[in-house]
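Colleague: Quick one, fold the following:
(chains A and B)
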Amino acid sequence: MFTLITLYSTIIPISLYVSIEMIKFIQCAQFINNDLNMYHAESNTPALARTSNLNEELGQVEYIFSDKTGTLTRNLMEFFKCSIGGEIYGTGITEIEKGGAERAGVRIDDDEDKRSATAVHEKGFNFDDTRIMRGAWRNEPNPEACMEFFRCLAICHTVLPEGEETPEKITYQAASPDEAALVAAAKNFGFFFYRRTPTTVMVRESHVDRMGSMQDVAYEILNVLEFNSSTRKRQSVVCRFPNGKLVLYCKGADNVIYERLADGNYDIKKTSREHLEQFGSAGLRTLCLAYRDLSMDQYKSWNEKFVQAKSSLRDRDKKLDEVAELIEKDLILIGCTAIEDKLQEGVPACIETLSAAGIKIWVLTGDKMETAINIAYACSLVNNDTKQFIISSETDTIREAEDRGDPVEIARVIKESVKQSLRSYLEEARRSLSNTPERKLAFIIDGRCLMYALDPALRVNLLGLSLICHSVVCCRVSPLQKAQVTSLVRKGARKITLSIGDGANDVSMIQAAHVGIGISGQEGMQAVMASDFAIAQFRYLTDLLLVHGRWSYLRLCKVITYFFYKNLTFTLTQFWFTFQTGFSGQRFYDDWFQSLYNVIFTALPVIMVGLFDKDVSASLSKKYPQLYQEGIRNTFFKWKVIAVWGFFAFYQSIVFYYFTAAASQHGHGSSGKILGQWDVSTMAFTCVVVTVNLRLLMSCNSITRWHYFSVAGSIAAWFLFIFIYSAIMTSFDRQENVYFVIYVLMSTFFFYLTLILVPVIALFGDFLYLSLQRWLFPYDYQVVQEMHKDDPHEYSMIRLPERSHLSPEEARSYAISMLPRENSKHTGFAFDSPGYESFFASQQGVCVPHKPWDVARRASMKQQRQQPQRTGRS
Amino acid sequence: MNSGDAAGSSSGGSGDAGAPRRASRKPKYSKFTQQELPACKPILTPKWVISVFLLVGVIFVPIGVASLLASNKVVEIVDRYDDACVPSNVTNKLAYIQNSTISKTCRRTLKVPKDMKQPIFVYYQLNNFYQNHRRYVKSRNDQQLRDASKANETTLCDPEKTRDGMAIVPCGLIAWSTFNDTYTFQHNTNNLSIDKTDISWKSDRDHKFGSDVFPKNFQKGPLIGGKTLNESIPLSEQEDLIVWMRTAALPTFRKLYGRIYVDLKENDTITVTLDNNYNTYSFDGKKSLVLSTSTWLGGKNDFLGLAYLTVGGLCFFLAFAFTLLYLIKPRLVAYKLSYTNRIKFHR
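Modeller: Residues are numbered from 1 along each chain as shown, chains lettered A, B, ... in the order given. Now for the predicted structure:
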């Protein structure tokens, strides 16, 4: 009995494992690592596959978890546009606008050469408009407003200048890159802030009195009403002009500023509002600027209250807020600024392609909610038609509870509200899904609520809601929460997940997902060290997933199913023989045939398929991202597919066995001699080798000459082997069963007729199935194949010369990438200081200075915090 | 120091690249690594499918016809005699066949259904005889058969290894059970001579059975398995043994007995005198005598021709059906990519 069972050991051969490992290794080492499409010239970084056993999972990713800063964005803020007195300035076009225009069919040409001479592009400033550059603003309809605008930019901030006091060499140190960008903008407009003393701000103003004039003006800073991230969302400075005039400059989020504007000027307010919306939908970060003239009396009476509040010992922050409210009113709107949070190149297009591929993208960021939503807009994850479900901890009820200050109470209130909103949102989302399935849904939650939503009781609702939504944004989340969310989906939805990030704070998330991707060539190496694949740019995900991932998936599916098929076929012939040997366990094939079947006679072609099979070209893979869905749905490795292969293996084995076994009944050839058992089995084996190799050719989508070589070589190897093997007699103790067998066979016509007949009949079923399947129920890739079957071959060779040197555009982006980068830990929308780090530090009770005013102290603090990190890294 | 410098030094990658650029790590272009090897892309379009079917049909039908014609030319006489050759009064067939004292000569009359051209092949056919049983198949020793100096080599030969401590040549079950019925033929009272030379494959005679190896101690036991061998004739000339030892693949098999070089006419009768020695009664085996002519393809074998014809015909039919389908319901219906963002295209 045991002998009988061992006959079927070939059904899962060890060579399957070896072949797959080999294929995967070459896919990684040769294809992914060497792909020119994933080579980033600016940072000189090719893609890097750090592990070789996840290739096929790259082709099945359904959820991508992405960090924001450094992954989606470059963390580079640039002053991009502004609106002054109801007039928009700035001619740049954002990525998202480009995308929109291209979708609408308009080709936008932003050739660097065509830019005007006034265009300036430096760190934090990427702006061009001849109407206001170089003092031209004096000729604008509203020069006063322009002047106020520039002054506000130059005075109302908490930036520290550094270095030589010339416009070219100075650098600005700011709590957030936005602030630096605003001051840099003021500098370029001719209001050069170059020195700060404890009480004054020195500004070198050009073109104020007349064109070309330049004067240094010292503004005395009387009070700074600090920025406060959650409630105030604005910052004000009261300053005294050299001529004694008192002015309060204020900048802040549009809604808070609009609440505090003086009556009148409805036109400007209205047009500015429109501009704000326009900026917002273009993915820009906006701030409103306003000012107010103060009389001496007004100021004095207010200042007393301010000093009192500032010196109070209890609830100082609250009191300061209240005092600030007293003076930040009746403001006059000057205009608004728009800052571009520079996305990495090609991010919106990449995200769009990925969503078309059926991949859902989640942004997990430590940033504020506004910033996160803004980026979601900029990446076209969310647009104006998207229905947003927002769960935020900054609601009135929660704030009230916080004011009462009882931590238990706060927790209860938050938990309750999270619970309620989750339930109602889930219902609403389900309704929306059934009523208007086209409508995109987005779910936005902040870290604090997430903490409660991840509670086991609410987890199901959270998962349900987030799986319905097309995109999910989690803001203010800790690294741990990033990992929790990732594993929630990984375990809860049982889908293939991918995490991508660039910094140490993404490591846990990268490790939690099935596939971890690190952005290489930038900051630290932690993310890369923890990752499975490292790429230089977010946009290379398209190539990695849609091209490499998809192909790897297809190839491995093919390899595995084919292995299954060929060994099942082989083993089943043995199985049929068993019935006619009285279940004695006699082998049908010679031992050597059986051993070498997987190692030599059918080994190489299947590896060729694993390496070279391509259903559609790389560019078509990206052009039709829908094809990726076949991987997500695991179309090619379902029970159905395996059953079809199994069925044909069954059918073929019957053909092999019975057609050849029938031969032993009669004499063959004119000599009338009879064939024996080993003649029959050798003939059957010949048929199996020929058929199985031809079957592989049938299932290839592209046949290179390596396929021909390997298939012909494998069949030739069999004949070569049997010619030699059956010609020799060895002195070893072996049964000479197959001695001369092939020559005996080849002396009969019957052998040749069978050799033609059996493979054809065996493959007949497969051929019929394949042609009917393609005819009647084509797979997506087959449709695309037929659509493009007459396309000429395309080689990247053609594109190469252009790549070998840097184009002006590349040179520009190279230059940008060479600019000193902001440390990714400081993020947030315009002068919102803390990223997740200080947020969580404060949660843990560690006091982190979050007063923008204390920039100097911040800088030194930061250095201290960095010190151990750096030593740790080296 | 300030935060800016700290930021700069922490972003080491960009800092290094700002210095004289390192050697480029840009991958080299090759068609292999960029996966752009020239390839042909076979697509099973209807035209291809139809042409392949037509091609197969065109090739297979003639082959089928030729094989069938060849097979039809073969005249075959099959006569099962195991039951008929036991006297009807014998109840215990096993005892009858094992009793060596009784003469088991048996006479059969065969009628020739059609003209038979020489050579006429004489086969014996056994049913339900598992020559492919694992223990049976391995019960032989090829070295002993080939080499006189290895006469004592009897490994694997169980249970027929030795007799009274002396090695049996040829050892093993297969040799021991060699078929031992004999046939003689009479045609119109003339004895037909049976040519029993060259009934085995030449390679077996020349290489597998030694010309200096003589049978020893063979069939000397109490239990006689089958044919006894003349100890003065070397194994390479014991063709019945050689034929028998090329074991058959299936439990039903034929083996060549000899050839008759006489043309037979339709309705001739042949009388066969046979010695019914071989015991198939203990395992319900059947024995038959087969007379057959041969063609280029061999013996009677309709199967091959029918298979070719069926496949060829089926291919023609499918080619026709597909053409019809192609004409009636061409694929100009818009195809869809089945999932989101449907794409339509027309043929």
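Colleague: Make sure A:Ile373 is indeed in a helix.
Modeller: Yes: looking at A:Ile373 with DSSP: H, G, I helix; E, B strand; the rest coil, it is inside a helix.
Colleague: what sits against it?
Modeller: With contact taken as Cβ atoms under 8 Å, 6 or more residues apart in numbering or on different chains, A:Ile373 is in contact with A:Val382, A:Gln388, A:Ile444, A:Val473, A:Cys475. Using the backbone N, CA and C atoms, a C-beta is placed for each residue, glycine as well.
Colleague: from these, which is closest to chain B?
Modeller: Ranked by distance to chain B (Cβ to the nearest Cβ), the contacts of A:Ile373 are led by A:Val382 at 18.0 Å.
Colleague: now the closest one, what's its secondary structure?
Modeller: Three-state call for A:Val382 (three-state DSSP): coil.
Colleague: Got a quick ChimeraX command for the buried subset of the contacts of A:Ile373?
Modeller: Selecting only the buried entries of those in ChimeraX, with 16 or more other Cβ atoms under 10 Å in any protein chain shown as the criterion:
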select /A:382,388,444,473,475
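Colleague: can you put the contacts of A:Ile373 in TSV and add secondary structure?
Modeller: Shown next, in TSV, are the contacts of A:Ile373 (three-state DSSP):
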residue	secondary structure
A:Val382	coil
A:Gln388	strand
A:Ile444	strand
A:Val473	strand
A:Cys475	strand
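Colleague: Need the worst-confidence member of the contacts of A:Ile373.
Modeller: Here the lowest pLDDT out of these sits on A:Val382, with 83.
Colleague: Roughly how far does that one sit from A:Thr371?
Modeller: When distance is defined by Cβ to Cβ, to the nearest Å, A:Val382 is 13 Å away from A:Thr371.
Colleague: B:Val52 now?
Modeller: 61 Å.
Colleague: residues from the stretch 151-300 of chain B in reach of chain A?
Modeller: Neighbours of chain A within the stretch 151-300 of chain B, by Cβ under 8 Å from any Cβ of the partner chain: B:155-156, B:198-201, B:203-204, B:207-208, B:243, B:246-256, B:259, B:292, B:294-300.
Colleague: Among these, name the ones in strands.
Modeller: Among these, the subset assigned to strands under DSSP state E consists of B:Phe253, B:Arg254, B:Lys255, B:Leu256, B:Arg259, B:Ser292.
Colleague: A:Ala262 contacts A:Asp330, doesn't it?
Modeller: Yes: here A:Ala262 reaches A:Asp330: they are 4.1 Å apart, a contact under Cβ atoms under 8 Å.
Colleague: quick one: common contacting residues for those two?
Modeller: Residues touching both A:Ala262 and A:Asp330 (Cβ under 8 Å, 6+ apart): A:Arg292.
Colleague: For chain B, what is the nearest residue in the stretch 301-450 of chain A?
Modeller: For the stretch 301-450 of chain A, the residue closest to chain B is A:Ala356, as judged by Cβ to the nearest Cβ, at 5.7 Å.
Colleague: quick one: low-confidence ranges for the chain?
Modeller: Reading this off chain A. A:1, A:96, A:99-119, A:228-230, A:522-524, A:663-664, A:730-736, A:793-874 (pLDDT under 70).
Colleague: ah, I was thinking of chain B
Modeller: Ranges of chain B meeting pLDDT under 70: B:1-22, B:331-347.
Colleague: the strands in it, which residues?
Modeller: Along chain B, the segments classed as strands by DSSP E run B:39-40, B:76-80, B:105-111, B:120-127, B:162-163, B:166-167, B:182-187, B:190-192, B:194-195, B:253-260, B:269-275, B:286-292, B:335-336, B:344-345.
Colleague: burial measure for the residue nearest to B:Lys111 when sequence neighbours are not counted, as a count.
Modeller: Excluding the flanking residues, the one nearest B:Lys111 by Cβ to Cβ, 6 or more residues apart in numbering or on different chains is B:Thr269, at 5.4 Å. By other Cβ atoms under 10 Å in any protein chain shown, 12 other residues sit near B:Thr269.
Colleague: next one: the one 10 residues further on
Modeller: In terms of burial, B:Asn279 registers 20 neighbours under the definition other Cβ under 10 Å.
Colleague: which residue packs closest to it, ignoring adjacent ones?
Modeller: Nearest non-adjacent residue to B:Asn279, counting by Cβ to Cβ, 6+ apart: B:Ile97, 4.8 Å away.
Colleague: The one you found is in contact with B:Phe283, isn't it?
Modeller: No: look at B:Ile97 against B:Phe283 with Cβ under 8 Å: they stay out of range, at 11.9 Å.
Colleague: which of the two has more neighbours?
Modeller: B:Ile97 (21 against 9).
Colleague: Contacts only, for that one.
Modeller: B:Val86, B:Lys104, B:Asn276, B:Asn277, B:Tyr278, B:Asn279, B:Tyr281.
Colleague: distance of it from chain A?
Modeller: Distance, B:Ile97 to chain A, by Cβ to the nearest Cβ, to the nearest Å: 22 Å.
Colleague: and if you look at B:Ile102?
Modeller: 31 Å.
Colleague: Quick one: residues contacting the residue nearest to that residue when sequence neighbours are not counted.
Modeller: Nearest residue to B:Ile102, sequence neighbours excluded (Cβ to Cβ, 6+ apart): B:Tyr96, at 6.8 Å. For B:Tyr96, the contact set (Cβ under 8 Å, 6+ apart) comprises B:Val86, B:Pro87, B:Val90, B:Ile102, B:Tyr281.
Colleague: cool, A:Lys68 as well?
Modeller: By Cβ under 8 Å, 6+ apart, the contact list for A:Lys68 reads A:Val363, A:Leu364, A:Thr365, A:Gly366, A:Asp367, A:Thr371, A:Ala372, A:Ile375, A:Thr827.
Colleague: Quickly find the element holding the residue nearest to A:Tyr425 when sequence neighbours are not counted.
Modeller: Among residues not flanking A:Tyr425 along the chain, A:Phe389 sits closest, at 4.3 Å (Cβ to Cβ, 6+ apart). A:Phe389 is located in strand A:387-391, with elements delineated by DSSP states H and E.
Colleague: Residues contacting the following helix or strand past that strand, please?
Modeller: Per DSSP H and E, the first helix or strand lying C-terminal to strand A:387-391 is helix A:396-404. With contacts defined as Cβ under 8 Å, 6+ apart, helix A:396-404 is touched by A:Thr231, A:Glu409, A:Ile410, A:Val413, A:Ile414, A:Ser417.
Colleague: what about the fifth one, neighbour count?
Modeller: Counted by other Cβ under 10 Å, the residues lying close to A:Ile414 total 22.
Colleague: quick one: stretch B:122-134 to chain centroid distance?
Modeller: From the chain centre to the centre of stretch B:122-134 is a distance of 13 Å (Cα atoms, centre = their mean, to the nearest Å).
Colleague: picking that back up, output the contacting helices and strands for the strand holding A:Phe389.
Modeller: Helices and strands touching strand A:387-391, as assessed by 3 or more Cβ pairs under 8 Å, 6 or more residues apart in numbering or on different chains; DSSP states H and E, comprise helix A:407-435, strand A:441-446.
Colleague: Apply 6 Å and report the result again.
Modeller: Packing partners of strand A:387-391 (3 or more Cβ pairs under 6 Å, 6 or more residues apart in numbering or on different chains; DSSP states H and E): strand A:441-446.
Colleague: list the helices and strands the strand it packs on packs on?
Modeller: Contact analysis of strand A:441-446 by 3+ Cβ pairs under 6 Å, 6+ apart lists strand A:387-391, strand A:471-475 as its packing neighbours.
Colleague: can you tell me the helix or strand for A:Thr271?
Modeller: Using DSSP H and E, A:Thr271 sits within helix A:266-281.
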